[in-house]
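Q: A structural model of the following input is requested.
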Amino acid sequence: MSLNAFISRLHDEDGQVWSYVLKMVLAFVVIGIIVTQFVPIIMNYATIHNTADDAMDEAVLTYEQKRGNMQEVNAAVKKVLDDRDVRLVGSVKVVKGQAGQPDMLSLSVRKIRNTYLFENVGYLCRYTEASAYAERAVP
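A: Presented below is the predicted three-dimensional model:
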């Protein structure tokens, strides 16, 4: 069947069903592209703050249990973040209060999620990285 014959069949009564089917297939393809390319990026931004909060909870708990041993705190936080494929930016920091005693813990995390479109279109690359900052008072 030639292209002209196929196009003419789309315009007659027999082709109305084919036209409808082609429109549905095209709609599913567009929706599929949107879902596979944009949803992982959006979910990355949506979940990074919860991940930072969970890492901070672990940091405060470990800080309290290990009596301020920051090597243990950093190791515990890295373990939580490695399970979620998130990176710790720098290390967990102790913020001292006015009296010089430890007052708060703070950390910064980031996660890069690439999809084909965002990886290969240059100006979209900056949207693949989500970052979050968390701080919590030391008990």
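Q: got a pLDDT number for the residue lying closest to residue 106 once chain neighbours are set aside?
A: If the residues on either side of it in the chain are set aside, residue 106 comes closest to residue 135, at 3.9 Å by C-beta to C-beta, 6 or more residues apart in numbering. For the C-beta atoms, the positions are set from N, CA and C on the backbone; glycine is no exception. Among the per-residue scores, residue 135 shows a pLDDT of 92.
Q: SS state for residue 135?
A: At residue 135 the chain is in strand, as set by DSSP: H, G, I helix; E, B strand; the rest coil.
Q: and for residue 106?
A: Three states are possible here, and by three-state DSSP the one that applies to residue 106 is strand.
Q: from residue 53, how far off is it?
A: Computed as C-beta to C-beta, to the nearest Å, the residue 106 to residue 53 distance reads 12 Å.
Q: now do the shared contacts for these two.
A: Common neighbours of residue 106 and residue 53, using C-beta atoms under 8 Å, 6 or more residues apart in numbering, are residue 134.
Q: quick one on the thing from earlier: what sits against the residue nearest to residue 106?
A: Taking C-beta under 8 Å, 6+ apart as the criterion, residue 135 is in contact with 56, 95, 104, 105, 106, 107.
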